[in-house]
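Undergrad: below are the sequence and a predicted model for it; my questions follow.
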Amino acid sequence: MRQEPPGRASFGLRSLGARIAHRPWLFLLAAVVLILDAVVLGADLTGRLSNGGTTDPGSESTRVQRVLEEHYPEMQPNVVLLVSVPSGAQVDDRKPAAQGVRLAERLAFETSVTGVLSYWQTGLEELRSRDGGQALIAARIDGGDDRARAELERLAPDYRGRQGDLTVRVSGALAVQNEIESTVAEDLTRSELIALPLTLIVLVWVFGGLVAALLPVLVGLATVLGTGALLRIVTGFTEVSVFAQNLTTALGLGLAIDYALLIVRRFREELGTGADPGTSVVRTLRTAGRTVLFSALTVAVALASMLLFPLYFLRSLAYAGISVVLVAALTALTVLPAVLVLLGHRVDALRVRRRRTAERPAASAGRLTKAVMRRAPQVTVVVTGLLLLLGLPFLGARFGTADDRQLPETSEARAVLEVLRDDFDDSPEGAVPVLLTTGTASRAEARAVVGRLAAELSGLDGVTRVESSAGTYRDGGRSEVPSPADASRRQAGHDLLTVVADDDTSATSAPHQRLVEELRAASESAGASVGGPAAALVDSKAAIGRGLLPALGFVLIATLLVVFLLTGSAVLPLVVVGLNALSLTAMFGAVVWVFQDGHLSGLLGFTATGDVETTLPVLMFCVAFGLSMDYGVFLIARMKEEFDRGGDHRAAVAHAMRTTGGLITAAAVVLSVVFVSIGLSRITNTKMLGFGIALAVLVDALVVRTLLVPAVMRLLGPRAWWAPEPLLKVHRRFGLREEPAADLAHPSAVPDPADPESRERTKNERHVASR
C-alpha cells in the first residue's frame, strides 16, 4: 500500500468545503445574483450567432472570395427567385415574360439589392428550365451577414408566393442560412422540452427520491444559463457558430448532471456513516470534488484541442465547450454543496422507492465484475475485436461540405435548389472562379495574358468552357469573341475567369475537387488563384490535415499528464487513453455507415449526400473523447482511493466497479438522453452530432467501462500502479491526492475559516504536506 501525504489541492477543496459548510446562504445568494445576470446577458445570444465557419480564413479560396465580394458582387448572388409560370404556359410567352421583367425591375430598385440578373433581361439559357416552365432571377443583398439576413426577412414576404400569374419561391445562400438558424433554434427548444422530463425520470430511478433527483437538473439548468452568458461575451470578440447552442445545451445539461450525480451520491454515502451535513460536504468535496475537478480538466483539454485549427466553426465550439465545462464544475463544486448543507438529511425526502431497491444495481455490477475478471483474457479479446469491427466502415469515409440538403425536405430553400439541380442546364454549381491579377497592365496586354490562360484551362479534361474578358474558350481555342458584358470581368487590376465543368451534380463533388487541383497546377505559372466551393473544401481539408497531428498530440500529452497527476502511475495513463480511443470506434463507424452511406436515413429522416461534413469528425472526437475521459476519471479515481486505503488491487477494482459502475451507467443514460434529444433535430449535421455522441457515450459506459476496464485491470494486476521513482517524486510533489477519511471522521474536523486557531492548524498541515 502506497502512503502519500495529502496534496495542496486537497487542502484547497477542504477549505472550500469548510467555507461552504459554515456559510451556505452566502454561496447561494451569490449564485442567484449571477444566474439572474446571466439570463439578462444571454437573452440575445441567438441573434449574434453565425452559420458557416468551415473554411480556412487564410487559404487561397478565401482570398479569392474576398476579392469577388468586393469587386464582383453582381457575380456573387446570394438570393435566387425561382419563378414558375401557369401550367401550359412558357416563360417566353408574352404575358409571363412581361410580368417577369417587371418583377426583376422591382427587385433591382430595392436599395439593398445589387447585381440583379434574370432570364428575361439576359436570355441566358442557364436561367431557364429545360421544359420552359420556370426561370430564375438572381441578385445580391449587400451588407454583412446580420444586415443581409435582416433585409432578406424584410423582402422575402413581398416576393414570395403569387405575383400576378407567376408563382415565386425564394432561395439562395442567405435563405439557406436563415432556415438553418431558425430550424436550429426551434429544434433546440424542442430538445430541451424532451430532455429535461426524461432526465428527471432517470434521476428519480437512480436516487429513488424526488428531491435528490431535482438537484442535478437544477445544476444543469444553471450551467446552461451561465454558459449562454459567457458565449454572449465571446461573440463580442469573435464569430461563434450557431451550432454552439446545441453543444452548450447538450454538454451543459450532461456534464452538470454527471457531476451533480457524483456529488449527491457521495454526500448521501457520507451521511449514511453518521456524519453531519457540514462534515459530509467537506468529505464529499475532498473525494468526489477532486474527481469532478480532474474530470473537468480532462474534458476541457480535449475540447481545447479544437483551438489549434484555423476554422472558426471548430474554434467557436471550443470556446463554447470550455465555457460549459468550467461553469458545470464551478456550479457542482460551490452551489450544489451549499444546497446539500441546507438540505442535510432532507436530501432523501419524497422517496418513491426504498433505498434497498435503489442499491440493487450496485450488487448486480459487483457480480458482473467478478465474472468478467474470472474470464479477463477472453473478454478483452472479444470486446476489442467487436469494437474494431464496428469501426471498419470509417476506413471508407469521404469528406465533403454541408449544403442545403441538411435542411428538411419541407424547406423552401432546399426545394428550390433541388429544382435547380434537376431541371436546369449549366447550373452555376458547375462553375469555378479563377482570379488573375493583371495589375497595371494595359487592356490589350491583360487580354492577351487572359486569353492564353483561358485557352490552356479550356483544354483540361472535365472543362466545358472558360468565360473571360478575352472571350469564351472551348477545347483550347476561342469559340466566341468578347461581349460587352465580358468587360466587367476586369476590375481593380483583376481579371475573372469562369471555368464551367462537365460535372454539375455538386459544387463540391470529387470531380470538382480534382478539377481544382488541376486548375491550380495549370494556372500557377500565371499567378492565378482558384476559388469556389470545391476549392474552399480542398483548402479546409488541407487545414484540418495540418492541424490534426498537433491537436492529437496536445490531447494525448495533456491527458497522460492529467491521469498521471490523478493516479501517480506510469501505466494507467496509457491504458486510459487506449481504452478511450477504442470506445470511439463504434461512433465513427456509425457516422459513415448511417450518415454517409444512407442506412437508416428513412427511419432517422435525413438525406444522405454520400460524404461526411469535414469538420464534424474532429468535433465529435473532441467531445466524445472528453466525455469518455469523464467516465474514466470517475472510475479510476475510486480505484485509486480504495487501492491507497487497502493496497489490494483486485479488491480496489471490484469495489470501484460496485460503487461507481451504477453511477457511470446512470450518468451515461442521462447524457445519452440529452444527446438523443439533440439528435432529433431536423438538421442533418446536428442529427449526426447528437446520435453519434450518444452512441459513443453508451458504448463507453456499457461496454468499455463495464467489461473492458475490469478485464484489462485484472490482466495488469498491481503492475497497473507502477511508476519509476523519479515519476513518484514528481507525483508526491505535484499530484492531487486526498487525506485518509479518518482525518475528517468527526464534525470538529471541519475547519472554520473565520476561526484563527483553525486557520493556524490548516496552515501547519499545509507546511507539513509541502515537506
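TA: Arrived safely, thanks for sending.
Undergrad: C-alpha from now on. contacts and neighbour counts both.
TA: Fine.
Undergrad: for the spatially most central residue of the chain, give me its contacts.
TA: Taking CA atoms, centre = their mean, the centroid of the chain lies closest to residue 619, which sits 4.7 Å from it. Residue 619 is in contact with 306, 314, counting by CA atoms under 8 Å, 6 or more residues apart in numbering.
Undergrad: now do residue 702
TA: Applying CA under 8 Å, 6+ apart, the residues near residue 702 are residue 665.
Undergrad: can you classify it as helix, strand or coil?
TA: helix (DSSP: H, G, I helix; E, B strand; the rest coil).
Undergrad: beyond the host helix or strand of the residue nearest to the centre of the chain, next helix or strand please.
TA: Here residue 619, judged by DSSP states H and E, is contained in helix 616-646. Moving toward the C-terminus from helix 616-646, the next helix or strand (DSSP H and E) is helix 649-679.
Undergrad: what's that following helix packed up against?
TA: helix 173-207, helix 244-272, helix 360-374, helix 616-646, helix 684-699, helix 709-716 (3 or more CA pairs under 8 Å, 6 or more residues apart in numbering; DSSP states H and E).
Undergrad: pipe those into CSV and attach mean pLDDT per row.
TA: Shown next, in CSV, are the helices and strands packed on helix 649-679 (pLDDT from 0 to 100):
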stretch, mean pLDDT
helix 173-207, 85
helix 244-272, 85
helix 360-374, 76
helix 616-646, 86
helix 684-699, 92
helix 709-716, 92
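Undergrad: output those as TSV; include the columns distance to residue 463.
TA: Putting the helices and strands packed on helix 649-679 into TSV (distance: least, CA to CA, whole Å) gives the following:
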stretch	distance to residue 463
helix 173-207	25
helix 244-272	40
helix 360-374	62
helix 616-646	31
helix 684-699	32
helix 709-716	56
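Undergrad: just to revisit the earlier point, and the helix holding residue 619, how far out from the chain middle?
TA: 19 Å (CA atoms, centre = their mean, to the nearest Å).
Undergrad: repeat for stretch 122-139
TA: Worked out by CA atoms, centre = their mean, stretch 122-139 lies 39 Å from the chain centre.
Undergrad: and for stretch 209-226?
TA: 23 Å.
Undergrad: for residue 344, what are phi and psi?
TA: When read as degrees, to the nearest 10, the backbone of residue 344 gives phi 60, psi -130.
Undergrad: surely it meets residue 275?
TA: No. Between residue 344 and residue 275 there is no contact under CA atoms under 8 Å: 10.3 Å.
Undergrad: and residue 88, that's in a helix?
TA: No. Remark: residue 88 does not belong to a helix; assigned using three-state DSSP, it is coil.
Undergrad: let me see the contact set for it.
TA: Taking CA under 8 Å, 6+ apart, one finds residue 133 in contact with residue 88.
Undergrad: circling back to that earlier point, closest one to residue 481 among the helices and strands packed on helix 649-679?
TA: helix 173-207 (32.3 Å; CA to CA).
Undergrad: against residue 100, how distant is the residue located most distally from the centre of the chain?
TA: The C-alpha centroid of the chain is most remote from residue 94, which lies 52.4 Å away (CA atoms, centre = their mean). Going from residue 94 to residue 100 by CA to CA, to the nearest Å gives 10 Å.
Undergrad: show the pLDDT at residue 8.
TA: On the pLDDT scale, residue 8 is placed at 46.
Undergrad: quick one: low-confidence parts of the stretch 451-600 of the chain?
TA: Applying pLDDT under 70 to the stretch 451-600 of the chain flags residues 484-485, 503-506.
Undergrad: in it, which spans are strands?
TA: 463-468, 471-474, 477-480, 490-491, 494-501, 529-530 (DSSP state E, counting those that start in this stretch).
Undergrad: now the ones you listed in a markdown table, with distance to residue 443 and mean neighbour count?
TA: Output for these, formatted as a markdown table (distance: least, CA to CA, whole Å; neighbours: other CA atoms under 10 Å):
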| stretch | distance to residue 443 | mean neighbour count |
| --- | --- | --- |
| strand 463-468 | 13 | 25 |
| strand 471-474 | 14 | 23 |
| strand 477-480 | 18 | 16 |
| strand 490-491 | 9 | 20 |
| strand 494-501 | 10 | 24 |
| strand 529-530 | 20 | 24 |
